[in-house]
Structure formats: structure tokens, C-alpha cells
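Student: 3D, please:
(chains A and B)
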Amino acid sequence: MTDLTRLSASELSEKLQSREISSVEVTRAHLDRIAAVDGDIHAFLHISKDAIDTAEGIDVLRRIGEDLGPLAGVPIAIKDVLCTLDMPSTAGSKILQGWIPPYDATVVRKLREANLVPLGKTNMDEFAMGSSTEHSAYGPTHNPWDLDRIPGGSGGGSAAAVAAFEAPLALGSDTGGSIRQPAAVTGSVGVKPTYGGVSRYGAIALASSLDQVGPVTRTVLDAALLHDVIGGHDPRDSTSLRDEWPSFADAARAGARGRSLEGVRVGVVKELDAPGFQAGVSQRFHETLELLAANGAEIVEVSAPNFEYAVAAYYLILPAEASSNLAKFDSVRFGLRVNPVGGGTVEDVMAATREAGFGPEVKRRIILGTYALSAGYYDAYYGSAQKVRTLIQRDFASAFDKADVLVSPAAPTTAFKLGEKLEDPLAMYLNDVTTIPANLAGIPGMGLPMGLAPEDGLPTGLQIMAPARQDVRLYSVGAAIEALLEDKWGRTLISQVPELVTR
Amino acid sequence: MITNDVVAHLANLSRIALTPEEIEKLTGELGVILDAINKVQEVATADVPATSHPIPLVNVFRPDVIGDTLSAEEALSGAPEHDGSRFKVSAILGEEQ
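Tutor: The predicted structure is shown next:
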């Protein structure tokens, strides 16, 4: 019998709809896989106790002829930054250990309404601050390609879960690359939608002007199918866009059909094709460009001179917004409370709680953000960073005058070793150089595999970016590139991931 | 200039009871980080407007009617301490106040 965990969500969807398999069978296969490999991967912080019951309910609906959506009965993992009524939601922090929210995030509600099966909550850097998942208060996640290496971050748990076949689908959140960079280093697919395209209600906020929830999968079509479920206007998120979105799944299917790249102008951002990038990453990137050109795409070089300032601006804006968002962890309404020895005022309790409940990276960014916002420094730091944001938007606008989509490597290197950058915060921050500009401008971006680096045999990722509200281009172009690469390789990239020891 | 005193002051403003060791370590780290991100000032000239929101929306209103809200029980469900209808905290004012 086919190993159900190896199938994509769209393949599972077909078999579920034809009743060749049941949701209970699919769900059980993934729970068994989690039990067998997650001791080594540590992608999950919590496994749902209700998954089989939920799957049974969906099988009943199908049996009685209910009209079900395409992903009904397909299991999904949920990043722990998203509030779930039936599972703890910790955002990877000790301060929220065991907290069960009194409401579902809108995206989680939409998953339930579309009859997907939540499998559990995935590991992440504490409050999504990090690029390696090493800042989780519950220990790091390991990359399925090499257990000694990072799975990316902050959404390393979601990316590792799909790459290790523990789930066909996952949800992530991307503030500066937390969906796209983990996709790159685990050989999976991840999409950061246009800012406002997917509701942030119930996503524990890191930096509200940058955060965006999106799909984490193994194929472009699966990402499109999931985006179709979670996208759209939400009155509970006042930054939510009212746009009518086209079917991203239709766009992905059309893109994969061939000849869809003819005449598409693909812009290569000069500043994101840098000599400092790992040789194998640059090599695979240039090979991918040649493949696109050979299939009718028009490759144009574009320049974005202000991208040089993007990381600096980001590490002012993010800490500033985070220091404000994280003020809610005050030991009063939810989460941890630590009483100082000998008692104290509510402020003493607050300070003792936050000292005990926050990890080092969270403290670092709160202090940095508080500094950037303090009187006398506000204009020089936060104000300047907001101006850089305007300059980066202008760079994108002129680039998109010349190109329909922009491309770059999704990460400058393959997965680095666990521990390698943990004691050097600045080196960790510079990891996000390729992904941060899209968040600052609010535009959509996708990370997808573009081959294994010859020097270390690890996955490299391509990033595709489109103008704001043109997420559909990511899916048509992404599906076309995925099809061409898989045609060239004769297999999928993820099929080459080493077998894990099952226990 | 980031000094131990500055970090201790910021920690107080942030309500985090950092240890002296943490203050020492953060002082060094923040100095390095600030040196690197200082460069935003090179291009942030007076003629460039600030962007606070990537895709600005204005006048986001909803009808002024009662929607789905949390019950008191739900709102208190995650509180470290409550009395059934209110959050419980320790003294607001210290002895010297």
C-alpha cells in the first residue's frame, strides 16, 4: 500500500474525494509518522488528542454526501504562534506555557470550516524572534536533511514537519522571512502573502506592520490550495484587505501546464545576487535563471540600491513594535506569574515574571526596541527606519516597472549547524537579508526548492516576489519553475531527503 | 552610547528584572547591533516621508453593534489569579508611595 505520508495534499485530496482512502487512515498515518520520527526532529510542541475524532467526523460528512472543500480530511500542522481553542498556544515561550486561548485565530477557524484536520502545534523561535528555531524555550527543531543543522526560523517546526513527512501541510507566519527561509533550508515551499491578504487575528503579534500568516507545504499547488482556504477579508483584523482574490490553485495548475513562462519578465535583483552568498546557492540560482530563459522568460537585471539598508531598518522597526506588543505579557491576564521573594507591588511581580518568562533573544529585542523608541532617539532610529521603508518601497516600484516578478536566492546559505550563530546575534540577523525587503514593502514572496548545493548536498531555495496584491503571479510562475526543475531532475527535491530512523 | 546604566534604565522601563550579568552582556551586544543599524541615518534625509504601514488603509470602521465577545469566564480562563469576575493582582502602590 502507498505510504500516505509521502503524498502531497492535492494527491490526498483526490484519493479522499474518490473514497479510495479515508481521513482517519491519512490522519493515523501522519500521527504514526510523528510518533516514529519526532523524537529526533522535534517539530511539534503539542499533538492534538482530537485529530482522529475530527477525521472520523469528516469521513461521516463525506459518506452522507456533504459538499466538502478540496482539502477536507487532509491533516495540517499549525505554528504555535496561532491561537487554538483546543490546544496550548505558547509562541515558543515559557511565559505562555500551557496557555489555552479562549478563541481560535481566524485562519484556524477557516481550517476547521474547510474540514482540515489539525494534527498539533509546531515549534518556533520564541515569539518568532530568530532564524534557526534555537530560540524556542522548548529546545530546537532539527533539520530532516541533517539532524545537526538548523531547520530555519522562526517557523522551523512547520517546515521540518512537512519536510519530514509528519504533515502534508502547515501554517507559518513571516515577519522577516520566517516562512521563506525555513522553506529554503528544508527543501520545502512557503509563501508570505501580501500584507493584509490573510487575517492576523489570533496570531500572537511580533511586529504588527510586518507579520503575515501563510502556507508551508511540499509543493506549489498545495500552497495555493491552502492559501485559497485561509485568505480573504476578516473584519476582526483592521489591516485586512477587502480584495476579491482569484483562485491560487487554478493559477498553480495553469502555471504547471507548460509554456506559461513565455514572455514573463523575470527581474534579478542585483543587490540580492551577492558575492558573499554560498557558492552552491549562487550556482543553483544562476542555473535556474538559465532554465527560465531557455523556456521563454525574459531575464532582466534590476537594481534596488536601498536594500542595503533593509536589515538595519528592520532591526529597528521590529524591536520597536515588538517591545510594544509584548507589553501585554504582564502576569495579570494570561500566562506566567512569578512573585518575587518577599512579595512586592504589581510592577515588581511584572518585572520578576518577565525576567523569568522571556528568553535572551526576546529580552535583547525588547530592550533594543525600548531604546529605539525612547525620547531623544526616536527620530534618529525609528523615524529613520520608517523613511528607509519608503525608499525600499520605491525601489520595488521601479523594479516592478521592468519586471513581472523578481527573483533571488531565498537564503544566502544552506542550513548552518545548530549552535553556530547562537552567540552572535548580528550574524543571525544578517541571515534574513534576502527576505526582509518584502516584509518592509508588504509584497508577497515565495520560497521553493532550486536544487541541492554541490558542496554539502543540502537544499537551496529560490525566492519569487510579486507586486502587492499580485500573489497569483507567485503561484503561476512558481508552479512553472517547479515543473521545469522536477522535469530536469527526474524527481522531486524532497524525495531525496535522507530516510530518518524510525522508533 | 550604550552603558550598563542605560541598559538598566531600559530594563526598568520594559519591566524586566535583568540580573547584573545580563545587563553586562546586553550592553556589549546592543553596542555592536546599534553600530550596525546606525546606517539607516545615511539615507533618511528630510525629504523622504516615513512609512508606518506597508499597505495603508483609512477609515476602517464597522457597524456600531455588539458582536461576539468573550464571556467573563472565558476572559479569566487564562489568568494566573482571579476572583470569578475580576483579575487579581498584588498591591498597586509600594510602601514608599
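Student: Three-state assignment for residue A:20, please.
Tutor: coil (DSSP: H, G, I helix; E, B strand; the rest coil).
Student: and it, how many neighbours?
Tutor: If you count neighbours by other C-beta atoms under 10 Å in any protein chain shown, residue A:20 ends up with 10. For the C-beta atoms, the positions are set from N, CA and C on the backbone; glycine is no exception.
Student: show me the contacts for it.
Tutor: By C-beta atoms under 8 Å, 6 or more residues apart in numbering or on different chains, the contact list for residue A:20 is empty.
Student: Torsion angles phi and psi at it?
Tutor: Note on residue A:20: backbone dihedrals following degrees, to the nearest 10 are phi -70, psi -30.
Student: how far away is it from residue A:9?
Tutor: As judged by C-beta to C-beta, to the nearest Å, residue A:20 and residue A:9 stand 15 Å apart.
Student: what does residue B:87 give?
Tutor: Remark: distance between residue B:87 and residue A:9 (C-beta to C-beta) = 42 Å.
Student: how about the strands in chain A?
Tutor: Per DSSP state E, chain A carries strands over the ranges A:44-47, A:75-79, A:117-122, A:169-173, A:189-192, A:213-217, A:265-269, A:298-302, A:405-409, A:445-452, A:459-465.
Student: before we move on, which element is the closest residue to chain A within chain B in?
Tutor: The nearest approach of chain B to chain A comes at residue B:54, 2.5 Å away (C-beta to the nearest C-beta). Per DSSP states H and E, residue B:54 falls between elements, in no helix or strand.
Student: Report the contact partners of it.
Tutor: A:195, A:209, A:210, A:389, A:393, A:439, A:440, A:441, A:442, A:443, A:468.
Student: hmm, try it at 7 Å
Tutor: By C-beta atoms under 7 Å, 6 or more residues apart in numbering or on different chains, the residues touching residue B:54 are A:195, A:209, A:441, A:442.
Student: What of residue B:4?
Tutor: Contact analysis of residue B:4 by C-beta under 7 Å, 6+ apart lists B:23, B:24, B:27.
Student: Around the last one, count how many other residues there are.
Tutor: Read it as residue B:27. 17.
Student: is the helix or strand hosting it up against chain A anywhere?
Tutor: When elements are assigned from DSSP H and E, residue B:27 belongs to helix B:20-37. Yes - using C-beta under 7 Å from any C-beta of the partner chain, we find that helix B:20-37 touches chain A at B:26, B:29, B:30, B:32, B:33, B:36, B:37.
Student: if I look at the second one, how far off is residue A:327?
Tutor: Meaning residue B:29. From residue B:29 across to residue A:327, the span is 22 Å (C-beta to C-beta).
Student: From the neighbour counts alone, determine which of those two ranks first.
Tutor: More crowded of residue B:29 and residue A:327, by other C-beta under 10 Å: residue B:29, with 19 against 14.
Student: Pull up the gap between the most centrally placed residue in chain B and residue A:78, please.
Tutor: The residue lying closest to the centre of chain B (C-alpha atoms, centre = their mean) is residue B:14, at 6.7 Å. The spacing between residue B:14 and residue A:78, counted by C-beta to C-beta, is 30 Å.
Student: And the closest residue to residue A:296 other than its chain neighbours, how far from chain B?
Tutor: Distances taken as C-beta to C-beta, 6 or more residues apart in numbering or on different chains put residue A:262 closest to residue A:296, at 3.5 Å, once the chain neighbours are dropped. Residue A:262 is 31 Å from chain B, where distance means C-beta to the nearest C-beta, to the nearest Å.
Student: So which residues of chain B form helices?
Tutor: For chain B, applying DSSP state H gives helices covering B:4-13, B:20-37, B:40-43, B:72-76.
Student: Would you tell me which one of these is buried the most?
Tutor: Here the criterion is mean neighbour count by mean count of other C-beta atoms under 10 Å in any protein chain shown, and of the helices of chain B the winner is helix B:40-43, at a mean of 18.
Student: ok, and does it reach over to chain A?
Tutor: Yes - Helix B:40-43 comes into contact with chain A (C-beta under 7 Å from any C-beta), by way of B:40, B:41, B:43.
Student: Quick one: residues in contact with that helix.
Tutor: Outside helix B:40-43, the residues that reach it (C-beta under 7 Å, 6+ apart) are A:306, A:309, A:312, A:313, A:316, A:380, A:384, A:385, A:388, A:391.
Student: Buried subset of those, written for PyMOL?
Tutor: Buried residues among the contacts of helix B:40-43 (16 or more other C-beta atoms under 10 Å in any protein chain shown), as a PyMOL selection:
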select buried, chain A and resi 306+309+312+313+316+384+385+388+391
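Student: Name the residue closest to the centre of chain A, please.
Tutor: Centre-most residue of chain A, counting by C-alpha atoms, centre = their mean: residue A:179, 1.9 Å.
Student: any chance of the helices of chain B in TSV, with mean pLDDT too?
Tutor: What follows is the helices of chain B, written out as TSV (pLDDT from 0 to 100):
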stretch	mean pLDDT
helix B:4-13	97
helix B:20-37	95
helix B:40-43	93
helix B:72-76	96
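Student: And these: which comes nearest residue A:277?
Tutor: helix B:20-37 (19.0 Å; C-beta to C-beta).
Student: same for the closest one, what does it pack against?
Tutor: Judged by 3 or more C-beta pairs under 7 Å, 6 or more residues apart in numbering or on different chains; DSSP states H and E, helix B:20-37 is in contact with helix A:310-325, helix A:360-373, helix A:425-430, helix B:4-13.
Student: Try it again at 6 Å.
Tutor: Using 3 or more C-beta pairs under 6 Å, 6 or more residues apart in numbering or on different chains; DSSP states H and E, the elements in contact with helix B:20-37 are helix A:310-325, helix A:425-430, helix B:4-13.
Student: Out of these, which is closest to residue B:91?
Tutor: helix B:4-13 (18.5 Å).
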